[in-house]
Structures are given as C-alpha cells and as structure tokens.
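J.: whatever this is, show me its structure:
(one chain, ligands or ions: 1)
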Amino acid sequence: MPGVDGRVIIVTGAGGGLGREYALSLASQGARVVVNDLGGARDGSGQGSEMADKVVSEIEEAGGEAVANYDSVATPQGAASLLKTTLDAFGEVHGVVSNAGILRDASYAKMTDAEWDAVLQVHLYGGYYVTRALWPHLREQGYGRILVAASTSGLFGNFGQANYGAAKLGLVGLVNTLAIEGARSGITANAVAPLAATRMTEDIAPADFLEKLPPAHVAPVVTHLMSEECTDTASVFVVGGGQVQRVQQFQNAGVRFDAPPSPGEVAERWAEITDMTGAVPGKNPLG
Ligand code: NAI
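T.: Residues are numbered from 1 along each chain as shown. Predicted coordinates for the structure are as follows:
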C-alpha cells in the first residue's frame with residue numbers, strides 16, 4: 001500500500017508535543033516531512049530554531065527524510081516562506097497537518113482582545129494561511145491531504161477557552177468547505193481533536209488522567225488520515241489514550257410551520273423541536 005511513502009508533508013508546530021509525534025510517525029512510513037516550529041513558549045511568546053532542528057535530527061537518525069522550518073504560521077509571509085522551504089527541499093508538496101497552536105486561557109469576563117486575537121491568529125488564521133498557500137499546488141497536481149487540529153474545547157466547549165474553542169471550531173468549518181471544493185481535485189480535508197499529555201495540557205487536566213494519554217496514541221491515526229488510501233473527507237475524529245472516535249453533527253426531523261408561527265406556537269412545539277430521537281447526520285440545505 002502506498003500510504004504516505006514518498007509524500008511531502010508539512011507538519012506545523014512539529015517541534016514538540018503532538019506535532020513531533022506526527023512528524024516521526026509520518027517519516028517512519030516514508031514521508032518526506034517539513035518540520036515547522038516557531039520554537040516559542042506555550043503562550044506563543046519567544047522563538048527559536050532548536051525545537052524543529054531536534055526533531056529533524058531524530059527523523060534523520062532513524063533513517064528518514066526531513067527539513068526544518070522556523071516560520072510563524074500566523075502570518076501570510078510565514079506561510080509563504082514555509083512553502084518555499086518545502087519546495088526548495090523537495091520540489092513538491094502533498095499535504096499539511098495544521099497543528100501549530102498556543103493557549104491564552106482566560107474566563108470570558110476577563111479575556112482581553114489581545115488574548116482573543118493571538119489565539120485566533122495562530123490556530124484559525126495559521127490554518128488558513130498555510131492551507132491557502134498550498135491550495136493551488138494541491139489542485140494542480142490533483143492530490144492533497146489536509147488535516148487540522150481541532151479540539152474537544154471547540155466541539156463541546158471548555159471553561160476559559162472561548163478564544164481557543166472559537167478558533168478550533170472555525171477550523172472544522174474551514175475543512176468542511178475545503179472538502180467540498182477539493183473533492184474534484186483529489187483533495188481531502190479532515191480534523192482531529194486530539195487528547196494528549198503535552199506542555200499544552202500539563203496543568204489543565206489531572207496528572208493521573210494525563211498519564212493515560214501519550215501523544216504516540218494519536219500519531220498513527222494522523223498518518224492514516226494523511227495516506228493515499230484514506231479518502232474520508234470532512235470528517236472529525238476525537239483521538240486519545242487508545243480511543244479513536246468519529247464525531248458528527250446530527251439534525252432531527254424538527255417541526256414544519258406552513259405560516260410564520262407566533263412565539264407562543266413555537267413554544268407549544270418546543271419539546272418536538274428539541275427532541276433528537278431519530279436524528280440523522282445534518283447537511284447544508286443550501287449546498
Ligand atoms: P504543544 O504546545 O506541545 O505544541 C504546539 C506547537 O506549536 C509548539 O511546538 C509551538 O512551538 C508551535 N507553535 C506555536 N505557535 C506557532 C506558530 N505561530 N508557528 C509555528 N509553530 C507554532 O501542544 P500540543 O498539545 O502538542 O498541541 C498540538 C495541537 O493540538 C495544537 O493545535 C493544540 O491546540 C491541539 N490540541 C491538543 C490537545 C492536547 O490534548 N494536547 C487537545 C486539543 C487540541
């Protein structure tokens with residue numbers, strides 16, 4: 001099976017945590033990997049080349065092929081430079097795991113505009129800038145694999161993560177449309193909401209819970225989603241601690257009003273409107 005063998009795959013934020021595992025797993029299966037990492041702290045401050053370089057060395061020592069890139073995904077210039085590193089090194093590109101991320105947690109009452117912006121900039125705009133830079137190349141060659149890092153905080157909400165949750169579900173919205181627009185060009189677009197013990201989660205969840213969540217559990221699923229034989233698209237997976245699950249939005253039959261109802265008539269039918277018994281996967285009636 002071809003898998004990811006010979007494919008050129010960018011992993012953003014691959015200098016540590018989950019991204020590092022993704023890069024190692026992809027390279028172990030024969031992918032040529034671009035290890036991107038800004039090399040900063042968890043909140044996005046600072047930068048450096050050490051993190052990405054170290055992962056490239058690990059890949060090379062294991063007999064794989066990789067190149068480092070230290071650009072920030074949070075600017076269009078950074079994304080353009082990341083693509084340049086990729087094409088200069090390998091001459092082609094087949095996919096991206098948009099994984100780079102930061103945290104600026106605060107309750108909504110206390111969240112500053114700067115905290116909102118910084119998180120949206122790295123996760124949502126970063127995902128946009130990088131996939132946008134690759135898009136014409138993937139379309140032209142009639143093949144591509146796009147995977148974004150979503151989060152259960154976006155899918156289900158989490159205290160103190162309004163900025164992060166909005167960015168993460170924004171990425172799911174992005175891949176839903178990329179899946180539609182990329183279908184004719186052999187491009188798939190999916191999302192993984194990982195659960196793993198990394199510097200990002202070290203003080204968010206209890207230690208005994210995190211112990212069960214090594215990042216190595218997530219990487220094989222990512223590598224499968226980036227493979228040629230996986231043609232699933234517009235799908236979201238929650239992956240961690242050995243559990244691999246698909247998440248989907250469902251829609252019930254609801255209620256039909258032939259004429260605009262009064263608010264009271266809506267209230268009368270509310271139990272039926274909100275009853276999810278027999279709900280089926282939702283779809284866009286405008287699409
Ligand atoms: P991490 O902090 O170890 O990894 C994130 C990496 O992104 C870091 O190496 C960092 O230097 C890099 N990065 C940050 N800003 C960047 C930028 N502007 N440009 C390039 N690189 C940048 O955290 P972890 O846990 O490995 O997270 C990876 C992804 O998975 C993130 O998108 C995160 O939001 C997501 N995620 C992780 C979960 C977990 O349980 N660990 C849960 C849900 C989502």
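
J.: mind listing the strands the longest strand anywhere in the chain pairs with, and their directions?
T.: Using DSSP state E to define each element, the chain has its longest strand at strand 187-194. The strands beside strand 187-194 in its sheet (DSSP bridges) come out as strand 144-149 (parallel), strand 236-240 (parallel).

J.: using CSV, list the CA coordinates for it.
T.: The C-alpha trace of strand 187-194 is given here as CSV (Å, rounded to 0.1, in the frame of the first residue of the first chain):
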residue,chain,number,x,y,z
ILE,A,187,-8.0,16.7,-2.0
THR,A,188,-9.4,15.5,1.3
ALA,A,189,-9.8,17.8,4.4
ASN,A,190,-10.4,16.4,7.9
ALA,A,191,-9.9,17.3,11.5
VAL,A,192,-8.6,15.5,14.5
ALA,A,193,-9.4,16.6,18.1
PRO,A,194,-6.5,15.0,20.0
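
J.: quick check: which helices or strands does the helix or strand bottoming out on mean pLDDT in the chain pack against?
T.: For the chain, using mean pLDDT, DSSP states H and E, the weakest element among its helices and strands is helix 207-210, scoring a mean of 92. Contacts defined by 3 or more CB pairs under 8 Å, 6 or more residues apart in numbering; DSSP states H and E place helix 207-210 against no helix or strand at all. In this view, the C-beta of every residue, glycine as well, is placed from N, C-alpha and C.

J.: buried sites along that helix?
T.: For helix 207-210, burial by neighbour count (16 or more other CB atoms under 10 Å) applies to residue 210.

J.: what distance separates that helix from the centre of its chain?
T.: 23 Å (CA atoms, centre = their mean, to the nearest Å).

J.: in the helix or strand hosting residue 172, what counts as buried?
T.: Here residue 172, judged by DSSP states H and E, is contained in helix 162-182. By 16+ other CB under 10 Å, the buried positions in helix 162-182 come out as 162-172, 174-176, 178-179, 182.
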